[in-house]
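*Asks:* Predicted model, plus sequence, below.
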Amino acid sequence: MNTYYYLKRIIIYFSILLIVLSSLIAYLNVENFKQYFDKYKQLEKIKYIESQKGIITHNVQMVNNIIDYNTQIIKKTLEERLIQRVDFAHKIATSIYEINKNTMSEVQIRKLIIETLRNIKFTNNYGEFTTDVYYFIQEVHSKDKIIARLLPATPDKEGTNRADVVDVNHKAYVKEFYNIAQTQKEGFVEYMWFKPNHGIKQQYLKTSYVKLFEPFNWVIGYGEYLDDVEKELQSLVLKQIRNMPYVDNNYVFVYQLLDINGGDKFAKMLVNINRPDLEGQFMSDDYKDINGKAFRKEFLKDIRAKGDSFVTYACKKPNTDQIEEKLSYFYWNKEWNWIIANGVYINDFEDKFQTLFQVENEEINRIIKDSILFTVVVLLLFIVIFIVVAKYLNDIILVNEKKQEHKDKLIIQQSKMASMGEMLDNIAHQWRQPLSVITSLASGLKIQKELGILEDGDIQTTADKIVLSAQYLSQTIEDFRGFLRKDKELRSFDLNAVVEKSLKIVEGTFNGISVNLDCQENLKVDGYPNELIQAILNILSNAKDVLADRKIENKMIDIEITSDEKFAIIEISDNAGGIPNEYMDRIFDSDFTTKGEKGTGIGLYMTKQIIMNMGGKIEASNNKQGAVFRIYIPMTDL
């Protein structure tokens, strides 16, 4: 009885003590959790803002990339147009000369050609101005004697020696006409000059194309002003910005910068889909938001210092009358003198993370419930321990076994995840370039369509390249899945066809690189053709990156396919200067890269694994020009 009595009192006292301790622990846990969660929410908000900074920076840079890309397209189109028009004039002159050379005097033929070309005028309409563009003729005798024969815009200068004429930058561009006539017979010249019928005594950058007409030692030329073409391009880019798909109110808006130092008319709004009423209006840097913040002065100060700026200010939210805090990124494109901006409304964080705030309350309730449950469970366990010690010990053993089992499962799961991560890295490494090719080809096709220079052949060619890249993406998945299967079989294939297919895949991204292919005919090898393509692409991609990083002027990649008694040999070399000696022994390691955070180190590692899996080998060395990779693949037994 006494034992029962004392046991009962111990259980009661322990129960009271356990309840008090559990309540105190629950209270402390709730307070600690609230503090932790407040810090967590702040960190999440900071992370959200930083991620949004990355998004809006990307959006702005995407517009800037569109400008860069379209500039290249337009410049090429302009050059083609200049060549066509000068060739047209040259053909007219040649035709007149050939038809009349036996029936008219040289003086008469000269006059007929000059007057015929004088009557040909091209008019470009850009905004409030039109620009008339004419053919011109310079008769080149020597470097110091270049006589103007046709100048429709300034006929009073015809017959005068133009050899010493220079533009506002003191460039003797007429003498360049002479140099081209003596060396190339035709070519481009850039210089500054006045625009006809503008009434403004200001010179603008002009590009002319000239071609030698040998019967009279004439240089026939035609040129256009680059700023006129630039206005056409700007109009196209603004149209693209308006038609961009925007998510979460992340619209792009653009200023035409007029005065970097600010003022009442420091800029003109070119596009703003949230405030179309501002488009075409002058902007003042003295403008303040609802909180009295002169945010335009702030971003102008940053732009003057470093070319871009992040600024927060109050702004009307699209499709509402609400004024909310906004974070915007402003970037100064100096080439066009545009300020390109994109922003995000900071309060969107509250909407996106409502579930996070709900979790806080649910977690507090869970802590309280767990504390109560803990108290009951511990109390019951305490009673059971006093009654049946053996059962208690048995329960402890079972709990430990379950913990060990859980730990083993975690280790297995982590191993699986590590393998999956490695596979995803490999696939991502192989997908990066085909995706870039598809994006570039699609963008180029769209631009050609909008410029009206798209031909059926361009569509077919581009579509074929996109389909080829897409098929390669699909094949990459199947190849990497098959690569890990032990029952994958080798097959015989034409080595030259595989190398040519590799070059076909990358041809759209190897602009400016001369690729020379020298093949030994009829080479059949045993292996996996699609994996070999991946291995070759890895080497070509590395060569392209090094050529670009080291700014090699005449970029070259040589590919030579030969054979010996047992192996077909692919030798790929470049002229980028070679691999540093301290890296030579590590370049095929899985964790080695020279690209910093941009690299994964998996490319050459996977290349080596692919070649070895085909029964071959790969070697790396340097020659006088650069790096040399030799791939040995077993030839098919005939």
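*Replies:* It's in.

*Asks:* all contacts plus neighbour counts: C-alpha atoms, from now on.
*Replies:* Will do.

*Asks:* who's in contact with Val140?
*Replies:* Residues near Val140 by Cα atoms under 8 Å, 6 or more residues apart in numbering: 146-147, 178, 217-219.

*Asks:* what bridges to it?
*Replies:* In this entry, Val140 is beta-bridged to Ile146, by DSSP bridges.

*Asks:* Now, of the contacts of Val140, which are buried?
*Replies:* Neighbour-count burial (16 or more other Cα atoms under 10 Å) applied to the contacts of Val140 gives 146-147, 178, 218-219.

*Asks:* quick one: which of these is nearest Ile12?
*Replies:* Comparing these against Ile12 with Cα to Cα places Tyr178 closest, at 112.4 Å.

*Asks:* Pipe the contacts of Val140 into CSV and attach pLDDT per row.
*Replies:* Shown next, in CSV, are the contacts of Val140 (pLDDT from 0 to 100):
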residue, pLDDT
Ile146, 95
Ile147, 96
Tyr178, 93
Asn217, 95
Trp218, 96
Val219, 97
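
*Asks:* now, which of those residues sits nearest Thr312?
*Replies:* Taking Cα to Cα as the measure, Tyr178 is the one of these closest to Thr312, at 57.2 Å.

*Asks:* doesn't Lys143 make contact with the closest one?
*Replies:* Yes: between Tyr178 and Lys143 a contact is recorded at 6.3 Å, counting by Cα atoms under 8 Å.

*Asks:* which one is Ile505 nearest to, not counting chain neighbours?
*Replies:* Sequence neighbours aside, Ser469 is the residue nearest to Ile505 in space, at 6.5 Å (criterion: Cα to Cα, 6 or more residues apart in numbering).

*Asks:* typo on my end, it should be Ala89
*Replies:* Excluding the flanking residues, the one nearest Ala89 by Cα to Cα, 6+ apart is Leu117, at 7.0 Å.

*Asks:* tally of neighbours for the one you found?
*Replies:* Number of residues near Leu117 (other Cα atoms under 10 Å) recorded here: 20.

*Asks:* Start the count at 35 instead of 1 going forward.
*Replies:* Sounds good: first residue 35 from here, last item Leu151.

*Asks:* my read is it is in a strand, agree?
*Replies:* No: under DSSP: H, G, I helix; E, B strand; the rest coil, Leu151 falls outside any strand and is assigned helix.

*Asks:* show me where pLDDT drops low in the stretch 335-484 of the chain?
*Replies:* The stretch 335-484 of the chain contains residues with pLDDT under 70 at 382-398, 401-402, 405, 408-409, 412-413, 416-417, 420-432, 434-435, 438-464, 466-467.

*Asks:* For it, which segments are assigned as strands?
*Replies:* 342-350, 357-367, 372-379 (DSSP state E, counting those that start in this stretch).

*Asks:* can you list those strands in JSON lines and add distance to Arg144?
*Replies:* JSON lines is the format used below for these (distance: least, Cα to Cα, whole Å):
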{"stretch": "strand 342-350", "distance to Arg144": "57"}
{"stretch": "strand 357-367", "distance to Arg144": "48"}
{"stretch": "strand 372-379", "distance to Arg144": "48"}
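
*Asks:* Output these in TSV, with distance to Leu475 and mean neighbour count appended to each entry.
*Replies:* What follows is the strands of the stretch 335-484 of the chain, written out as TSV (distance: least, Cα to Cα, whole Å; neighbours: other Cα atoms under 10 Å):
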stretch	distance to Leu475	mean neighbour count
strand 342-350	30	18
strand 357-367	25	21
strand 372-379	25	24
